[in-house]
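*Asks:* A predicted structure for the sequence below; I have some questions about it.
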Amino acid sequence: MLATILFLAFWVVLALVLFFIAVRGGLGGARATLQSQSRGARTALTFIFVVVYIGFGIAIPAAILNGNQAHASSQIAGVRLTSAEKHGRQLFGQNCGICHTLAAANAVGKVGPNLDMLKPPASLVLNTINNGCVQNPPPNSPQACLGQGNMPGQILGGKDAQDVASFVGKVAGKE
């Protein structure tokens, strides 16, 4: 929020400076106006310029770069993540992102299906993680696939598999 306010303040100050230059008839008129002021006024103006320069040139970029690291991954595309879903995001990036595309995990895999397009529910993701998938499975097999490739089962297990499934089910197609 602070970064947004400072960003807007920068543009407001810039607009005021441009307005001052325009009202004075260009750079020459603005320069003449500033040079005709008293020594104290010029010193005050120089001080204000230095403060604004440091504020917008150093302080704002530092605040934006530092950011709010404590909440950096607490939400994706406006969707709040639980601690289990954050863990699922990390596991997805380590184990699934090489094959699957999912914008919320910054994954652009080309082998498996694009999960943003499929928007699978968590139950289907968990089933696929547990059982894998093969092309042309026997009828009523839990290994039926959504995509064109094959995926081994049990890449993750237990709570890790549930966390990944919960994460994918919540964020797929949201960005």
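*Replies:* Looks like it came in fine.
*Asks:* Next one: Ala15 from Val50, what distance?
*Replies:* When distance is defined by CB to CB, to the nearest Å, Ala15 is 20 Å away from Val50. Every residue, glycine included, has its C-beta placed from N, CA and C.
*Asks:* same question, Val108
*Replies:* 45 Å.
*Asks:* List the beta-bridge partners for Val108.
*Replies:* Bridge pairing for Val108 (DSSP bridges) gives the partners Thr101.
*Asks:* Verify the contact between it and His100 for me.
*Replies:* No. In this structure, Val108 is not within contact of His100 by CB atoms under 8 Å, at 9.0 Å.
*Asks:* The two: which has the busier surroundings?
*Replies:* The residue with the greater number of neighbours, taking Val108 and His100 and applying other CB atoms under 10 Å, is His100; the counts read 25 against 12.
*Asks:* could you list every residue that touches the more buried one?
*Replies:* Residues in contact with His100 (CB atoms under 8 Å, 6 or more residues apart in numbering) are 92, 107, 109, 111-115.
*Asks:* Same check on Ala122?
*Replies:* 165-166, 168-170.
*Asks:* got any ranges where the protein has weak pLDDT?
*Replies:* 1, 67-78, 134-149, 173-175 (pLDDT under 70).
*Asks:* my guess is Pro152 meets Gly132, correct?
*Replies:* Yes. With contacts defined as CB under 8 Å, Pro152 counts as touching Gly132 at a distance of 4.8 Å.
*Asks:* For ChimeraX, write the select line for the buried members of the contacts of His100.
*Replies:* Selecting in ChimeraX just the buried members of the contacts of His100, where the criterion is 16 or more other CB atoms under 10 Å, is done with this command:
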select :92,107,109,112,113,114,115
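*Asks:* Please identify which of the contacts of His100 is nearest to Gly29.
*Replies:* Ranked by distance to Gly29 (CB to CB), those are led by Ala107 at 56.4 Å.
*Asks:* so the closest one sits right up against Leu91, yeah?
*Replies:* No. Assessed by CB under 8 Å, Ala107 is found out of contact with Leu91, at 11.7 Å.
*Asks:* mind listing what's buried in the longest helix seen in the chain?
*Replies:* Residue-count comparison of every helix in the chain, with assignments taken from DSSP state H, identifies helix 2-23 as the longest. Buried residues in helix 2-23, counted by 16+ other CB under 10 Å: 6, 21.
*Asks:* could you point out which element follows it?
*Replies:* For helix 2-23, the following helix or strand on the C-terminal side (DSSP states H and E) is helix 27-35.
*Asks:* Packing partners of the very next helix or strand once past that next one?
*Replies:* Remark: after helix 27-35, the chain's next helix or strand is helix 39-54, criterion DSSP H and E. Helices and strands touching helix 39-54, by 3 or more CB pairs under 8 Å, 6 or more residues apart in numbering; DSSP states H and E, are helix 27-35.
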